[in-house]
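>>> Just the structure for this:
(2 chains)
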Amino acid sequence: MYSITARFNQIVFFTSWTLVVLSLLNQGTAYFFKTGKPTVDLKILSVDKFHHYKATYYNGGATDWDQVTFKFSLEADFEPVYNWNLKQLFLYVNVHHEHQEKGFKSDCVIYDKIISRPDDPSSWSTSSKLLLKNQRAEYPLKDIHKQLRNATVNFEVWVEVMPYVGYIRREKLGDFEYKMPQQYN
Amino acid sequence: MAEGQSDTFWKSLYIYFNEMDFESQLFVKKIYKIIILTVAIISFIIAFFLERFSVCVYSTIGASVLCILVLAPAWPMWKKNQPNWQQANWQKQK
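Here you go, the predicted structure:
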């Protein structure tokens, strides 16, 4: 404390240490008073543009493939996950299907969305519901083994929870089965 | 500093803000911890019930800036208890 730089240094680093301790307390107390898993419901509304594409010079020329885009509706309620440590949620819809004879497993993300936390905690119970009606999926589902006709695919809804302080974790919220049409349309 | 030289304006300003009494140094050393810890604990509790952690962080940083402005430079209030220096006795050194 004998010089101005010594006093400045001690005050600044003491503040930094208290902020570190407070952040750890923030992360540690974030899960008090909150239990439960978010509920989600997904319905596939239509299957569009289920085509078979041939390999040409203009699309790589390597293999033929099947491609399909979906339209779905999704209802979700995230209120059990909202706490003061939450920064944003990353929601994505994953399609999982397996080759019928050989057993290859494929995953493909068809839709994703970033959900930020609303600032006012008194509005969390009303603004935590997500409702997507007739939503077109952003990315198509492609299969190079051409096994999508009459296949049973699994739609999984995942959410990635990103806090201000702490680990990022992924949770699977739901599993929905769907049978693909028999012919291309 | 050799004899015959005088300090520039900036150096004498630095020396002015640098020198602080010993008793004030003890006081400053005690009080900045008390101020920052009480502000941190109270604002953490308030922020817990408001569910916004940014309240806690901003108020702690604000309290530390206030401490730096008041406690780090040697304002006149920290120069009140000067130690009693003895008279310089140039005769004896020759």
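>>> do stretch A:118-135 and chain B meet?
Yes - interface with chain B: stretch A:118-135 contributes A:119, A:121 (CB under 8 Å from any CB of the partner chain). The way it works is simple: take the backbone N, C-alpha and C, and place the C-beta from them, glycine included.
>>> CA atoms only: put that stretch into PDB for me.
C-alpha atoms of stretch A:118-135 as PDB (Å, rounded to 0.1, in the frame of the first residue of the first chain):
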ATOM      1  CA  PRO A 118     -36.300 -13.300 -22.000                       C
ATOM      2  CA  ASP A 119     -35.000 -10.600 -19.600                       C
ATOM      3  CA  ASP A 120     -38.000 -10.200 -17.300                       C
ATOM      4  CA  PRO A 121     -38.300 -13.200 -15.000                       C
ATOM      5  CA  SER A 122     -42.000 -12.500 -14.200                       C
ATOM      6  CA  SER A 123     -42.800 -13.300 -17.800                       C
ATOM      7  CA  TRP A 124     -41.100 -16.700 -17.900                       C
ATOM      8  CA  SER A 125     -44.200 -18.700 -17.400                       C
ATOM      9  CA  THR A 126     -46.000 -17.100 -20.300                       C
ATOM     10  CA  SER A 127     -43.100 -16.600 -22.800                       C
ATOM     11  CA  SER A 128     -41.500 -19.900 -22.300                       C
ATOM     12  CA  LYS A 129     -43.700 -21.700 -24.800                       C
ATOM     13  CA  LEU A 130     -42.500 -22.300 -28.300                       C
ATOM     14  CA  LEU A 131     -45.100 -22.900 -31.000                       C
ATOM     15  CA  LEU A 132     -44.100 -23.500 -34.600                       C
ATOM     16  CA  LYS A 133     -47.000 -24.100 -37.000                       C
ATOM     17  CA  ASN A 134     -46.400 -25.400 -40.500                       C
ATOM     18  CA  GLN A 135     -42.700 -24.900 -40.200                       C
END
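>>> quick one: that stretch to chain centroid distance?
16 Å (CA atoms, centre = their mean, to the nearest Å).
>>> Now do that stretch: everything it contacts.
A:45, A:71-79, A:82, A:84, A:91, A:111, A:115, B:50-52 (CB atoms under 8 Å, 6 or more residues apart in numbering or on different chains).
>>> List only those of those residues flagged as buried.
A:72, A:74, A:76-78, A:82, A:84, A:91, A:111, A:115, B:50-52 (16 or more other CB atoms under 10 Å in any protein chain shown).
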